[in-house]
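> prediction below, plus the sequence it came from.
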Amino acid sequence: MYSHSTAQLNDPGTRPEYYTHQLRSFAMTDSTDTFLNGATAFKNAMDLTGELWNTAIVRTNEMASQTVEEKKEKRKRKMRRVRAMMR
């Protein structure tokens, strides 16, 4: 099993660097126990990935909705100033 990560960019416009890290290995054809351990580790990793993915989507949606609400509020303030100037 491997994990993948990216390095923080040093300068704008530079290409990101990707790293692969070996976490653990399982000889799936060695024995029933080894197969079960490997299959369980894979399933757990997939479940964790799904949870992290869903959390990232929820956070992104929260950020997007806040941005929309902030834009609406700015528009309202601008319209109030325009109306006040027209009086």
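All right, it came through fine. Numbers count the residues shown, from 1 in each chain.
> make it CA atoms for all contacts and neighbour counts henceforth
Noted.
> so what touches stretch 67-85?
By CA atoms under 8 Å, 6 or more residues apart in numbering, no residue outside stretch 67-85 reaches it.
> quick check: mean pLDDT of that stretch?
Averaged across stretch 67-85, pLDDT comes to 87.
> what's the distance between residue 10 and residue 16?
Per CA to CA, to the nearest Å, residue 10 is found 9 Å from residue 16.
> those two - which one has more neighbours?
Between residue 10 and residue 16, counted using other CA atoms under 10 Å, residue 16 has the larger neighbour count: 12 against 9.
> for that one, what are its contacts?
Listed by CA under 8 Å, 6+ apart, the contact set of residue 16 reads 6-9.
> report the two of these separated the most.
With CA to CA as the measure, no two of the contacts of residue 16 lie farther apart than 6 and 9, at 8.7 Å.
> mutual contacts of those two, please.
Shared contacts of residue 6 and residue 9 (CA under 8 Å, 6+ apart): 16-17.
> who does residue 4 bridge with?
residue 20 (DSSP bridges).
> quick check: it touching residue 21?
Yes - at 6.3 Å, residue 4 and residue 21 qualify as touching, with contact defined as CA atoms under 8 Å.
> and residue 85, how many neighbours?
Residue 85 has 8 neighbouring residues, counting by other CA under 10 Å.
> state the distance from it to residue 74.
Distance of residue 85 to residue 74, computed by CA to CA: 17 Å.
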